[in-house]
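Participant: Sequence and computational prediction follow.
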Amino acid sequence: MAVSNTTKRLRIGVDVGGTNTDGVIIDPSLTSASSSSNRGIIAYHKAPTTTNPSDGINAAITHMFTTTDPPINPADVASVTIGTTHFVNAVVERDARRLCRVAVLRLAGPFGKHAPPCIDWPDDMRELVLGHWASVKGGLEVDGNLIAELDEEGVRAQCRLIRDMGIRSIVVNGVFSPIDTVYLQEERAAEIIREEFEKKGGDEDSDEPTAVDVVLSKEVANLGFLERENAAILNAAILPFARRTIRSFQEPVRQLGLDCPVFITQNDGTILAGDAAARLPIRTFSSGPTNSMRGASFLMQGGTAGEEEAGREKQAIMVVDVGGTTTDVGLLLANGFPRQQAAYSELAGVRMNFSCPDIKSIGLGGGSIIRKGSSSSGKRTTVGPDSVGYKLTKEALVFGGSVLTTTDATVLSRPEVVQIGDPKLVEGQLTDDELAEVQAIIKQKLEKVIDMMKTSPEDLPVLLVGGGAVISPDELKGASKVLKPRWSEVANAIGAAMAGVSAVVDTVKSTESKSTAKLLEEISAEAVERTVASGAARDSVKIVELETLPLQYIANKSRFIVRAAGDFDFSRTDLGAVPSSTATTTTAGEQANNMDQYEKTATGTNGSSSPSKAASTPGGPTAEVDLDTYHPTVKNRVWHVSETDLAFITTGCYILGTGGGGSPYSSMVRLRSILRSGASVRVISPDDLADNDRVGCGGGMGSPTVGIEKLQGDEMMEAQEELAQILPKGAQATHMIALEIGGGNGLQGMILGASTNMDVPVVDGDWMGRAYPTKWQTTPVVFDERRPVFCPLSMCDGNGNVIIMTKATSDLQVERALRAALSQMGSHTGCAEGPVTGAETRRWVVEHTISESWRIGRAVERARRENRVDEVAEEIVKEVGGSQAAKVLWKGKIVGVTRTLRMGHIYGECIIEGMDVAGARKEGGGDGDGALQEGERQGQFVGRIKIPFKNENIAAIKIPEPAALTQTEGEEEAPQEERQEDVLAIVPDLISVIDAQNGEAIGTPEYRYGLLVTVLGIAASDRWTSSKRGIEIGGPEGFGIHHLKYQPLGKFVKPKSVIDEYDTQVV
């Protein structure tokens, strides 16, 4: 079929993979025609991927052009869209020839000095990429006010240094730059940088058109200072290689006479113009799985993304891409775009926050190896996770090989349907019972990973694509229908051809003068305009994502995230066609030579399209530690904290945070750098305190959302120094203690006590045993031996502003005064409280909570090492006192979250539907080796629970069956009073939500639909529960709940001291 009418604009999609380059030509005008059986697909072809990708692209397109009858006219082609793994592979493989040195210029003033760029990178990556960094005055507060004016002369001075170092890629990263629409500090800094480099006249030896590449962090990712910076640095490092690669994509298009734009697909399933992709290549890193999902959706719908079959309502689609070794599963939402990951992504050991599709992989494919079980030995039949992979056509039995694979089993079960290899070669290789067992294992593996990815219990369509899709049964539990469409082997190229256009707005706005609904309307309009500016047809643009996150401790402020998407407007002429051969300074031959040179040095897994499949990277500090033999260093009852200890403690702190306290990640990174510099951190037991010792306290106060963007400066130490000046001589602290062990503040005592700071021991304990939202919810206030306890005190913002309180009527009044000042001090401060005596500390302290965090973290790490993350909660229970002191309250999937802001605190509810997360995790992680035993974990958690929270989790409450059935996903529950008999646990007992995929805590700001979780309950310390006052302050009444009473979930067991267990006496 030929296209002669110029109004029929054709789309070409190309997927440049590690092995094959797939191409497809689609006529959108035929995709929904009832008379068309080919769904608009005019031609498709596979060509080998070559060292220079232009060869494979040329071969695929040329073949498609010349094999149709009559041949396709190049003038009828509207666009060429290419998906590629070249950029992600360059990073994964750590190829110095494809990555350049980068300088980082922070606009942060005094903030972030203790967390330099690349601080959390693998050592080899940091040494390869980071060439220089500096921080100059600049940055914004969360309300849009200035931290400081941009120091233009400081920028110029740094440019001179960078230029002399020979570095030509620079990242500019400003605090809260994504919301900077007034001062435009990053843009102004970029102008200065270009001016300074132009003074020298550029680098004559460079083949690039400009002397310097400047990457603005705000163009790369959104809020999250370190993660955005990481993404910007990787983006800058790949820029020269990206430009050459994009040229190698454009060259065959130009040579074939196509006068149309060349686009590159990005992570969310939409397109970037070629010049934009050359400027922001990081946006394409995870496009492979997304293209597959979008292509599969197109094949199912029979039309362009967004059009539905007649009579069928829009709904989510589960796309299952079965390859030779693995199966990738993702949820395609009703809006036609993949569900995105909840928070952070990781590539080659680098943590980032740019948008990536939420993909789960299991070790199941067409080449998965089958090992038959034996009743005599008790061994069960297993399927995968190992596979013959690309050697299937040589090693599988149907092809004359000697390895029994899932493809062999499929041919054996359906020889009349599956026309692969020689069916006679597999006859008799499996008995009927063995074949049925293999099929049951395959079916259960697929059903488990599908159920894990669902966000509601309703069945939904499942679409099978990929070369290994034949191994799947035609019916799957949880699937309303199972579809295996034609052309599924080129779904990636189809997804590329039909990709749309998108834009996202991530900003913080005040809700004081405008309602949330009005602000969402305005932000949505901005997102639409950005999408249109990127090339979308205005009438096709729709809002595909809306999220509102109120900011705790910040009056009338919320974070809004809005994403819009639409179809490309092919009538636009302002986006440009392929540049001519004179558009760049290199010839086609030089480009080919450059690409050859790059590829000859490449090592690693070329062709990986997902960060989750990246080459292995150096592990963390616990990676090389033998957990069975590792002992912390304790000498003469002093615990000298190591990096391994810190990793354990950090994990434990967030779990003890009961959803609040903020992630301890940034504090961990700072404390780790302190340890690596040679400093010491000492921990002592509260039992060893003398009566007249003076125990100080300090920590952060403010919004965790601000903390992820405005990193710590010296505000914590400054607060201690300011406090010391007003204390009587000799009254300064001799020891430190954490205010709360939960969350980021759990590490602040150790940071302050480090030998490079105050150089004092840290007490193994804290004033909460968890995290609470207010300072008056502490055990010293419970004991009420003097009022106030936390006065005098000081509060510093790290930017020159200090508040001192020498007198107050109560700790509640102290809290109110500090909250009032907080919003005027950037909503993130350091506080220092006056010391208490050693005798008071022994009476008031929640004992051995650093030890408890250590033990919890070790249990999580052990479960990971032994591939028992599904049992991590049970392991934690053993470490915190056993079944009498803790219990697993629930396992399931988050199916609803609501949030609202009241008096500076985030109130909300999290709804969790019970399910078998153990089996789901096994299949999702790819390490399950067979079917679950009959009845294993079935029916243990049925129904739904809700967890109300006020920054921290307040309770876990069973939802009565009628209410659970009528409540829909994401919908706020109809108001009704909870019943006492439905309470599984309630404060002051600890209720922690743990990620079933990795054993880490999930904080209340991170609750998202679809997350698999385990809910853990731990009995509160008797410092809270032994008195009526303790229960009033820390229990339900302390959170404004009067219709429910505290009933202990178990009996408190004092945490076992690391110091007591591992002490060695040294003379």
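Facilitator: Here it is on my side, so go on.

Participant: Could you verify that residue 463 is part of a helix?
Facilitator: No: judged by DSSP: H, G, I helix; E, B strand; the rest coil, residue 463 forms no part of a helix; its state is strand.

Participant: Looks like it contacts residue 483 (just checking).
Facilitator: Yes: contact criterion C-beta atoms under 8 Å: residue 463 and residue 483 qualify, at 5.1 Å. All C-beta atoms are positioned from the backbone trio N, CA, C, and that covers glycine.

Participant: Quick check: neighbours shared by the two?
Facilitator: residue 300 (C-beta atoms under 8 Å, 6 or more residues apart in numbering).

Participant: which one of those two has more residues nearby?
Facilitator: Shown here are residue 463 and residue 483; by other C-beta atoms under 10 Å, residue 463 has more neighbours (26 against 17).

Participant: got the contact list for the closest residue to the more buried one other than its chain neighbours?
Facilitator: Spatially, and ignoring its direct neighbours in sequence, residue 463 is nearest to residue 296 (4.6 Å; C-beta to C-beta, 6 or more residues apart in numbering). By C-beta under 8 Å, 6+ apart, the contact set of residue 296 is 317, 319, 321, 332, 463, 465, 485, 488, 491, 495.

Participant: and these, which are buried?
Facilitator: Neighbour-count burial (16 or more other C-beta atoms under 10 Å) applied to the contacts of residue 296 gives 317, 319, 321, 332, 463, 465, 485, 488, 491, 495.

Participant: Can I get those residues in CSV including pLDDT, distance to residue 386 and secondary structure?
Facilitator: Formatted as CSV, the buried ones among the contacts of residue 296 follow (pLDDT from 0 to 100; distance: C-beta to C-beta, whole Å; DSSP: H, G, I helix; E, B strand; the rest coil):
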residue, pLDDT, distance to residue 386, secondary structure
317, 84, 30, strand
319, 89, 24, strand
321, 83, 19, strand
332, 80, 29, strand
463, 88, 27, strand
465, 83, 23, strand
485, 82, 29, coil
488, 80, 25, helix
491, 86, 25, helix
495, 88, 29, helix
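
Participant: residues contacting the closest residue to residue 714 other than its chain neighbours?
Facilitator: Spatial nearest neighbour of residue 714, chain neighbours left out: residue 798 (6.0 Å); criterion: C-beta to C-beta, 6+ apart. Going by C-beta under 8 Å, 6+ apart, residue 798 touches 110, 111, 712, 713, 714, 715, 718, 829, 830.

Participant: what's the neighbour count on the fifth one?
Facilitator: The reference is to residue 714. Neighbours around residue 714, by other C-beta under 10 Å: 16.

Participant: Residue numbering should commence at 26 henceforth.
Facilitator: Noted, 26 is the first residue going forward, which turns the last one into residue 739.

Participant: and it, what is it in contact with?
Facilitator: Shown in contact with residue 739 (C-beta under 8 Å, 6+ apart): 135, 138, 823.

Participant: can you tell me how far it sits from residue 782?
Facilitator: 10 Å (C-beta to C-beta, to the nearest Å).

Participant: The fourth one now?
Facilitator: Here the distance between residue 738 and residue 782 works out to 13 Å (C-beta to C-beta).

Participant: can you list the residues that contact stretch 965-972?
Facilitator: Looking at stretch 965-972 with C-beta under 8 Å, 6+ apart, the contacting residues turn out to be 684, 914-917, 920, 934-941, 978-984, 986, 989, 992, 998, 1009, 1016, 1018, 1040.

Participant: now these: which count as buried?
Facilitator: 684, 914-917, 920, 934-941, 978-984, 989, 992, 998, 1009, 1016, 1018, 1040.

Participant: where along the stretch 176-325 of the chain do the helices fall?
Facilitator: Using DSSP state H, counting those that start in this stretch, the helices found in the stretch 176-325 of the chain span residues 177-190, 210-225, 242-245, 250-280, 299-304, 312-326.

Participant: where does the first one sit relative to the chain's centre, distance-wise?
Facilitator: Helix 177-190 has its average C-alpha position 34 Å from the chain's average C-alpha position, going by C-alpha atoms, centre = their mean, to the nearest Å.
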